[in-house]
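[1] here you go, sequence then predicted model.
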Amino acid sequence: MKVVVSIGGSVLAPEPGADRVRAHAAEVTELLEDGCRVGAVVGGGGVAREYIGAARNLGANEIELDQLGIDVTRLNARLLITALGEDTVTAPARDYETAGEALRSGDVCVMGGVAPAQTTDAVGAALAEYVDADLLVYATSVPGVYSADPNEDDDATKYAELTGKELVDVIAGLEMNAGSSAPVDLLAAKIIQRSGMRTIVLDGTDPSRIGRAVRYGEHDGTDVIPDGAGAEPTYWASDER
Ligand code: UTP
């Protein structure tokens, strides 16, 4: 099977350090050894926010801030590339075609951000759509998609299952509440909806959870199941990966 894993910066590198990156790379390598083709998209996390905060105080405009954020996502992507060693490309892909070529040639393709005014959530969804992935997994620092921000609202409940349209509606509602942070952004949700991409949003701080979700569909997060999708996908029902 073909899978795109979007790893939040706060999951992979809350601060630059080797252990978490090594653990995530080991999980990706195991999936590769199982016969999966893997695309990885890496976010900027707290480090990106620190740089963006400093540059904002220096008077940078929003596009300049986004460019800075993209640079940090690419630094994190380079950390993952370093940990993956021979199994991957030498540098983060800057566009989907380059990433797709790497995937076709059997490498793990790794991307950070690509263009201002979005986040790597959207890059993950677009890459999954571009390479016709079977599955898109968001490894975030929250346990799934909630009805409200669980840090702000005690009544917030986690969705076990959503359709693409329901995901768009939930995320649009969350984004209207200033300060509340959605686990994926609205552009990503819209790409997921239009592509009918089977998607999982889970707490990826322990990378083995990503592997279990990819191999067996088992997780405690949120399943986004396209309208009209039948029973479980064949790659979970059989030995085919
Ligand atoms: P992230 O994807 O890490 O943003 O990119 P985020 O969702 O705010 O971070 P988490 O998930 O909460 O940790 C970091 C920043 O890089 C810029 C944006 O400014 C984003 O906030 N960026 C990233 C882009 O402008 N374009 C991209 O394609 C990716």
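    That came through, no problem.

[2] and the residue nearest to Glu218 when sequence neighbours are not counted, how close does it get to Ala60?
    Spatially, and ignoring its direct neighbours in sequence, Glu218 is nearest to Arg212 (5.0 Å; C-beta to C-beta, 6 or more residues apart in numbering). Backbone N, C-alpha and C define where each C-beta goes, glycine included. Arg212 sits 41 Å away from Ala60, going by C-beta to C-beta, to the nearest Å.

[3] what sits up against the helix or strand harbouring Lys190?
    Using DSSP states H and E, Lys190 sits within helix 186-195. Contact with helix 186-195 is made by 118-119, 121-122, 124-126, 128-129, 136, 164-165, 167-168, 171-172, 175, 184, 197, 199, 224, as judged by C-beta atoms under 8 Å, 6 or more residues apart in numbering.

[4] buried residues in it?
    Within helix 186-195, the residues scored as buried using 16 or more other C-beta atoms under 10 Å are 186-193, 195.

[5] in TSV, list those along with pLDDT and distance to the ligand.
    Formatted as TSV, the buried residues of helix 186-195 follow (pLDDT from 0 to 100; distance: C-beta to the nearest ligand atom, whole Å):
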residue	pLDDT	distance to the ligand
Leu186	96	12
Leu187	97	10
Ala188	98	9
Ala189	98	13
Lys190	98	15
Ile191	98	12
Ile192	98	15
Gln193	97	19
Ser195	97	17
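
[6] which one among these gets closest to Thr205?
    Using C-beta to C-beta, Ala188 comes nearest to Thr205 of the buried residues of helix 186-195, at 19.8 Å.

[7] which residue comes closest to that closest one once chain neighbours are left out?
    Ala188's closest residue in space is Asp121 (C-beta to C-beta, 6+ apart), at 3.8 Å.

[8] number of nearby residues for the one you found?
    By the measure other C-beta atoms under 10 Å, the count of residues near Asp121 is 26.

[9] so it sits against Val184, correct?
    Yes. Counting by C-beta atoms under 8 Å, Asp121 does reach Val184; the two are 4.5 Å apart.

[10] give me the common contacts of the two.
    Tyr138.

[11] mean confidence score for the helix or strand following the helix holding Lys190?
    As assigned by DSSP H and E, the chain's next helix or strand after helix 186-195 is strand 199-203. Averaging pLDDT along strand 199-203 gives 98.

[12] contacting residues around strand 199-203?
    By C-beta under 8 Å, 6+ apart, the residues outside strand 199-203 that reach it are 125, 128, 135-145, 167, 183-184, 192, 209-210, 213, 217, 219-224.

[13] near the ligand, which residues of the protein show up?
    For the chain, the contact set with the ligand under C-beta under 6 Å from any ligand atom comprises 8-10, 43-45, 48, 65-66, 69-70, 73, 113-116, 118-121, 123.

[14] got the confidence number for the closest residue to Thr120 other than its chain neighbours?
    Spatial nearest neighbour of Thr120, excluding adjacent residues (C-beta to C-beta, 6+ apart): Gly43 at 4.4 Å. Note on Gly43: pLDDT of 97.
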